[in-house]
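> need coordinates for the following:
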Amino acid sequence: MPNFFVAAMVFLRAVAFCFLCSRATCRRLNGESDKIQVDSEGIDDYDMAPEYMDVWTNNATLTSLESDAMGEMNEMNLGISDMTALDKEKLIRKSWLLEAQRKVNTEGCPSLVMWCQPSRNQFDGEGGFESILITREKGWADKFKVLSNSTNCGRVGFEVFQGGKLVSYHKNVAITTLYGLKSLREITEEEADEYDNEEDYENLEHCEWLRRRPFDMRHAVECVKHSQLCEMGEATAVPYGSQNAKDVSIAISKHGPTSLTFGEDSTPAVKIFADALEEKEREKLNGKATWETCIKLLCEYKGFKKAGLKLHPDRFLRMELTEKEKEEKTKEFKYLVNCKDSLKGPDGKELTLNQKEHRDSLCYK
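Next up is the predicted model:
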């Protein structure tokens with residue numbers, strides 16, 4: 001029976017080959033080009049974003065990046081590196097992206113799972129998360145090519161999941177399997193008549209790379225920043241190994257990538273991303289807490305506790321201060337709170353320098 005199916009496939013490919021050759025012969029008789037037009041929407045028919053200089057489809061480049069990331073991940077997991085939540089999030093994003101790149105480089109047209117950057121409300125459990133399943137398949141003409149390595153992934157689709165359910169976007173236009181990229185082009189054209197959507201066009205040019213085999217995964221990250229895809233803009237590629245990509249996409253839209261953990265205490269990735277968002281919000285409000293500035297201020301006040309006695313807004317009632325002085329002290333106190341929450345002291349706990357031995361080891365160097 002297996003031999004029958006093999007013979008059938010060979011026969012179908014031969015028929016398709018003869019059909020295409022006969023079309024080419026007719027064109028030559030009519031004075032047309034010898035080039036066989038197998039698809040009205042060719043791989044090069046649309047504008048594409050510039051390629052990255054250090055393209056990750058180069059296996060030597062990818063191997064080097066993987067080695068560096070693995071070393072950093074080992075340090076993070078063993079707790080021997082002084083990394084903030086933002087540092088950890090950045091490293092996890094890159095590590096996962098490299099893992100997805102390896103899959104893209106070695107497999108035919110694998111699907112991609114993207115986790116859209118959650119909002120604070122989503123981390124707090126409102127409405128679940130948002131994920132995008134990017135499907136990539138050969139076009140009808142590619143399926144008949146004898147040399148499979150020479151084919152591309154001409155059909156790109158998008159399925160958006162929220163809280164475990166498939167959702168529709170933009171007037172119920174289907175951005176789904178097989179023809180999602182085509183729909184995305186049409187939507188972008190339509191919206192250009194209503195408002196300036198230059199960024200969407202730039203994102204779309206990155207999406208065009210997804211039809212290539214292989215392609216640099218950084219294009220996928222930029223692609224899903226399109227306004228019809230990830231609402232918050234940013235997204236993280238999530239590795240899924242041998243699991244079903246759609247199942248994984250649905251699961252992380254419910255709970256986030258909770259099955260992926262890091263560190264000696266097996267902290268779920270979703271918690272690290274939540275802590276990173278909190279850190280970003282603090283930085284936006286109070287300024288980025290740098291080690292040098294934090295140590296300088298904590299040494300000056302002889303620890304966080306004593307700084308609070310002079311800077312906490314509740315203390316202003318006992319002080320004769322101008323509004324400007326109150327504002328400056330409040331800002332400085334918020335900065336020190338950011339130092340305490342973002343950085344670790346010599347004992348591996350919050351950076352406070354309340355203990356004299358900690359100040360002795362850091363303040364007088």
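> break down the protein into its helices, ranges please.
Taking DSSP state H, the helices of the chain run over residues 2-29, 59-78, 85-106, 120-123, 180-192, 198-207, 218-223, 245-255, 269-286, 291-301, 304-311, 323-342, 356-362.
> so which of those is nearest R155?
Comparison of the helices of the chain against R155 by CB to CB identifies helix 180-192 as nearest, at 7.9 Å. No exception for glycine: its C-beta is placed from N, CA and C like everyone else's.
> how much space separates T293 from D82?
If you measure T293 against D82 using CB to CB, to the nearest Å, the figure is 16 Å.
> just give the nearest non-adjacent residue to L166, would you?
Nearest residue to L166, sequence neighbours excluded (CB to CB, 6 or more residues apart in numbering): E159, at 6.1 Å.
> flag every buried residue along stretch 77-90.
Taking 16 or more other CB atoms under 10 Å as the basis for neighbour counts, the residues of stretch 77-90 that come out buried are M83, T84, A85, L86, K88, E89.
> likewise stretch 292-310?
In stretch 292-310, residues buried by neighbour count (16+ other CB under 10 Å) are C294, I295, L297, L298, Y301, G303, F304, A307, G308.
> hmm, back to that, right, and out of the buried residues of stretch 77-90, which lies closest to E107?
E89 (27.0 Å).
> so what's the closest one up against?
I272, F273, D275, A276 (CB atoms under 8 Å, 6 or more residues apart in numbering).
> next one: L311
Taking CB under 8 Å, 6+ apart as the definition, contacts of L311 comprise Y301, K329, T330, E332, F333, L336.
> nearest to N105 among those?
Out of the contacts of L311, the member with the shortest distance to N105 (by CB to CB) is L336, at 46.8 Å.
> how near is the nearest residue to the closest one once chain neighbours are set aside to D124?
Counting by CB to CB, 6+ apart, L336 lies nearest to A307, which is 5.5 Å off, once chain neighbours are set aside. To D124, A307 is 30 Å away according to CB to CB.
> kindly report the same for N152.
Following CB to CB, the distance that separates N152 from D124 is 42 Å.
> these two - which one has more neighbours?
The neighbour count for N152 versus D124, taken as other CB atoms under 10 Å, is higher for N152 (21 against 10).
> I43 is in contact with that one, correct?
Yes. Between N152 and I43 there is a contact under CB atoms under 8 Å: 5.3 Å.
> which neighbours do these two share?
R211, R212.
> surely E208 and D44 touch.
No. Taking CB under 8 Å as the contact criterion, E208 and D44 are not neighbours in contact, 9.3 Å apart.
> let me have the helices of the chain in a markdown table, extended by mean pLDDT.
Shown next, in a markdown table, are the helices of the chain (pLDDT from 0 to 100):
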| stretch | mean pLDDT |
| --- | --- |
| helix 2-29 | 45 |
| helix 59-78 | 92 |
| helix 85-106 | 93 |
| helix 120-123 | 84 |
| helix 180-192 | 86 |
| helix 198-207 | 92 |
| helix 218-223 | 95 |
| helix 245-255 | 93 |
| helix 269-286 | 81 |
| helix 291-301 | 87 |
| helix 304-311 | 88 |
| helix 323-342 | 86 |
| helix 356-362 | 87 |
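> winner for burial among the ones you listed?
Of these, the one with the most neighbours on average (mean count of other CB atoms under 10 Å) is helix 218-223, at a mean of 22.
> what comes into contact with that one?
49, 52, 56, 97, 100, 112, 114, 134, 202-204, 206-207, 209-210, 229, 235, 237.
> now for the helices of the chain, which one comes closest to L166?
When the helices of the chain are compared for distance to L166 using CB to CB, the nearest one is helix 245-255, at 8.5 Å.
> helices or strands next to the closest one in the packing?
Applying 3 or more CB pairs under 8 Å, 6 or more residues apart in numbering; DSSP states H and E, we find helix 245-255 packed against strand 112-116, strand 130-137, strand 155-162.
> okay, those, which one's buried deepest?
strand 112-116 (a mean of 26).
> alpha carbons of it, as CSV, please.
This file holds the C-alpha atoms of strand 112-116, laid out as CSV (Å, rounded to 0.1, in the frame of the first residue of the first chain):
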residue,chain,number,x,y,z
LEU,A,112,5.2,30.6,15.4
VAL,A,113,3.7,31.3,18.9
MET,A,114,3.8,34.9,19.9
TRP,A,115,2.8,36.2,23.4
CYS,A,116,1.6,39.8,23.3
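> chain center to it: distance?
Its chain's C-alpha centre lies 7 Å from the corresponding centre of strand 112-116 when counted by CA atoms, centre = their mean, to the nearest Å.
> okay, the angle between that strand and strand 130-137?
Taking axes from the mean of the first three to the mean of the last three CA atoms, to 10 degrees, one finds strand 112-116 and strand 130-137 inclined to each other by 160 degrees.
> strand 112-116 pairs with which strands, parallel or anti?
Paired with strand 112-116 in the same sheet, following DSSP bridges, are strand 130-137 (antiparallel), strand 235-237 (antiparallel).
> what angle do that strand and strand 155-162 make?
Strand 112-116 and strand 155-162 are oriented at 40 degrees to each other (the same axes, to 10 degrees).
> return the distance of the residue nearest the centre of the chain relative to N354.
By CA atoms, centre = their mean, the chain has its centre lying nearest to T236, at 2.2 Å. Computed as CB to CB, the T236 to N354 distance reads 37 Å.
> A269 and G263 touch, don't they?
No. Counting by CB under 8 Å, no contact exists between A269 and G263, whose distance comes to 10.4 Å.
> circling back: next up, the contacts around the residue nearest to the centre of the chain.
The contact partners of T236, taken as CB under 8 Å, 6+ apart, are I92, R93, W96, L97, M114, W115, Q117, F273.
> at 7 Å instead, please
T236 makes contacts with R93, W96, M114, W115, as judged by CB atoms under 7 Å, 6 or more residues apart in numbering.
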